[in-house]
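Asks: attaching a predicted model along with its sequence, questions to come.
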Amino acid sequence: MVKKRRKINTKRMAIVLMIPVICLVLLIVNFTKIRLSIRGYDREAKKVVLNLDSSEIHDILDYNHVIDISKWDRVKNNSHYVLYDTYYRMTKYKTSKVVYYVDAYYERMEDLNFLGYTTSFLFKNSDLYSISTLDSLITSNIPYEKTKKYLAVKGAQICDVKGYSDLELSPLKTVLKVSYPGIDSSKKNGRSYTILSPEDSLVLVKEGFSLGSDYAPSDLRKVNVPYATQPAKLRKEAADAFEKMYKAALKKDHHLVIKSSYRSYDEQKAAYNEAFSNYGSTYKLNAVSSAGYNEHQTGYSVNLTCQDVADGIYNTFEETSDYNWLEQNAYKYGFILRYPEKSSKKTGVENETDHFRYVGIDVAKEIYLKNWVFEDYILHHGFTYNMRLN
């Protein structure tokens with residue numbers, strides 16, 4: 001009888017000892033529920049959160065925003081809700097794109113953070129740093145401390161960080177030499193980039209440097225000057241500058257006429273296809289470059305002539321006094337002659353002496369006084385925007 005009583009007492013003792021533990025667990029769970037309720041999470045959201053790892057729950061409780069859990073659960077995901085919401089707030093990308101990037105990034109996060117590449121830094125630059133480039137960054141095994149001076153340069157490419165670290169040049173010269181030898185068309189390297197800020201007045205558009213098919217300037221307006229075939233349109237800043245230049249020329253009895261101005265991606269595509277069908281692969285594409293690689297899509301470029309040519313008094317614009325005035329004065333209004341004679345090797349375009357490009361007064365003045373082409377300016381100053389390697 002004594003032994004039996006001891007067994008019963010042992011069981012009771014175990015139960016008694018378990019009560020505080022159970023109470024503690026229930027308290028913790030309920031406390032978490034209470035905190036989630038206070039934060040604004042509904043019943044279904046709380047169920048999802050409470051099934052997460054303790055670290056994920058902690059992150060959600062400490063997060064500054066209430067996460068719409070149901071929004072992310074509409075697609076298959078790995079439950080990294082704080083990262084989803086953080087990345088979305090930075091990019092405003094659609095749900096599926098956010099989940100894909102974050103889940104793929106999370107698998108690499110430990111290695112990247114170890115090298116010093118923070119989540120914040122990579123999220124802010126995710127339009128440049130695709131998952132494949134993150135892999136190359138891990139493979140290169142170069143800490144952020146050694147690459148940050150290069151990555152601070154506009155246009156720097158993560159896939160080239162090893163090449164950057166091998167040179168002893170300034171960060172700007174290093175990035176341009178390694179990633180962009182194609183700025184000078186005589187040094188083609190087969191790379192192709194998409195310009196990520198096509199609205200920038202200093203975008204370099206040429207073979208290897210393209211605008212997106214969906215890009216159209218948001219501030220196009222009609223240019224109130226004579227035109228040869230159809231009303232001219234330019235971006236507001238360029239249109240304002242051109243009208244000032246036109247009036248200044250008119251005071252000197254020079255009558256400028258716009259032959260062509262803004263051309264959409266689709267319009268350029270149609271022009272290219274027509275030229276190709278008429279002349280075939282032997283046709284030397286000049287103004288009729290392929291869609292996305294033509295400056296007219298920027299809304300900053302015009303092809304010009306003058307009234308004397310339109311009236312048949314002269315055969316070509318270049319032989320008129322109007323053209324001479326334009327050559328000497330266009331820079332004062334922010335325009336440059338984009339494709340001068342004897343520059344085709346560098347620009348990649350045969351002489352197109354009626355094509356003028358707006359770049360702003362300061363830049364135009366420097367290019368004019370130093371007898372540069374636009375490529376020279378970029379090679380000296382670098383880019384003012386980023387690009388994605390295609």
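Replies: Looks like it came in fine. Numbering: from 1, shown residues only.
Asks: center of the protein, which residue is that?
Replies: Ranked by distance to the mean C-alpha position of the chain (Cα atoms, centre = their mean), the top residue is residue 196 at 2.2 Å.
Asks: my read is that that one contacts residue 386, right?
Replies: Yes. Using Cβ atoms under 8 Å, residue 196 is in contact with residue 386, at 4.8 Å. All C-beta atoms are positioned from the backbone trio N, CA, C, and that covers glycine.
Asks: would you list every one of the helices in the stretch 1-150 of the chain?
Replies: Taking DSSP state H, counting those that start in this stretch as the criterion, the stretch 1-150 of the chain carries its helices at 2-39, 43-50, 54-62, 69-72, 81-91, 95-114, 119-124, 131-140, 144-151.
Asks: let me know which of those helices is tucked in deepest.
Replies: helix 81-91 (a mean of 20; mean count of other Cβ atoms under 10 Å).
Asks: host element of residue 303?
Replies: For residue 303, the host element (DSSP states H and E) is strand 301-306.
Asks: tell me which helix or strand comes right after that strand.
Replies: Where DSSP H and E defines the elements, the next helix or strand beyond strand 301-306 is helix 307-310.
Asks: elements contacting that next one?
Replies: strand 256-260 (3 or more Cβ pairs under 8 Å, 6 or more residues apart in numbering; DSSP states H and E).
Asks: which outside residues touch the strand it packs on?
Replies: The contact list for strand 256-260 (Cβ atoms under 8 Å, 6 or more residues apart in numbering) reads 223, 225-229, 232, 242, 245-246, 249, 296, 302-307, 309-310, 322, 326, 354.
Asks: next: stretch 360-380.
Replies: 176, 183-185, 201-202, 204, 241, 330-336, 338-340, 343, 346-347, 357-359.
Asks: in strands, which of the residues you listed fall?
Replies: By the criterion of DSSP state E, membership of these in strands covers 335-336, 338-339, 357-358.
Asks: which residues does residue 210 bridge with?
Replies: Per DSSP bridges, residues listed as beta-bridge partners of residue 210: residue 194.
Asks: neighbour-wise, which one of the ones in strands among the contacts of stretch 360-380 leads?
Replies: Highest neighbour count within the ones in strands among the contacts of stretch 360-380: residue 358, with 29 neighbours (other Cβ atoms under 10 Å).
Asks: where's the residue nearest to that one when sequence neighbours are not counted, which helix or strand?
Replies: Distance criterion Cβ to Cβ, 6 or more residues apart in numbering; nearest residue to residue 358, sequence neighbours excluded, is residue 238 at 3.9 Å. Using DSSP H and E, residue 238 sits in helix 236-251.
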